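K.L.:
Just need the structure, nothing else, for what follows:
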Amino acid sequence: GKDRIIFATKEDHETPSSAELVADDPDDPYEEQGLILPNGDINWNCPCLGGMASGPCGEQFKSAFSCFHYSSEEIKGSDCVDQFRAMQECMQKYPDLYPQEDENDGKSSKDLEAASMEASAAKEEEESS
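P.N.:
The predicted structure follows:
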């Protein structure tokens, strides 16, 4: 079929590789482009998103992240509070998939909510002046 099995011996691993690295092809559609594509669009397939763009809250994540990315407010993303709130509410329905506290940085969904509230308050204050 399409697969080929190759057995490597200990001796095969002892000799240095003769493989040559090929320069990256910027036109390769499968090449990882990073989070933002050259045209400015969001690369939803970027591994850096950790799969957030798919799954049960993928649409809410895309909506919130897109809003933030394209936000032109003075406090970037301050116009996206509703989208982030919807994403957070969705994530709370799936605690096994979206733990409420990240062990690495100690930030929790409460921190996200506080940041959203601060942005919202700043926006309201800006509009009232």
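
K.L.:
Secondary structure of residue 60: a strand, I assume?
P.N.:
No. Residue 60: not assigned to a strand; according to DSSP: H, G, I helix; E, B strand; the rest coil it is helix.

K.L.:
can you give me the end-to-end distance of stretch 38-55?
P.N.:
The first and final residues of stretch 38-55 sit 26 Å from each other (Cα to Cα, to the nearest Å).

K.L.:
just stretch 62-79 next, same as before
P.N.:
Terminal-residue distance, stretch 62-79 (Cα to Cα): 15 Å.

K.L.:
Now that stretch: buried residues?
P.N.:
62-65, 67-68, 77-79 (16 or more other Cβ atoms under 10 Å). The C-beta positions use only the backbone N, C-alpha and C, and glycine is treated the same way.

K.L.:
Okay, and which of the residues you listed map to helices?
P.N.:
62-65, 67-68 (DSSP state H).
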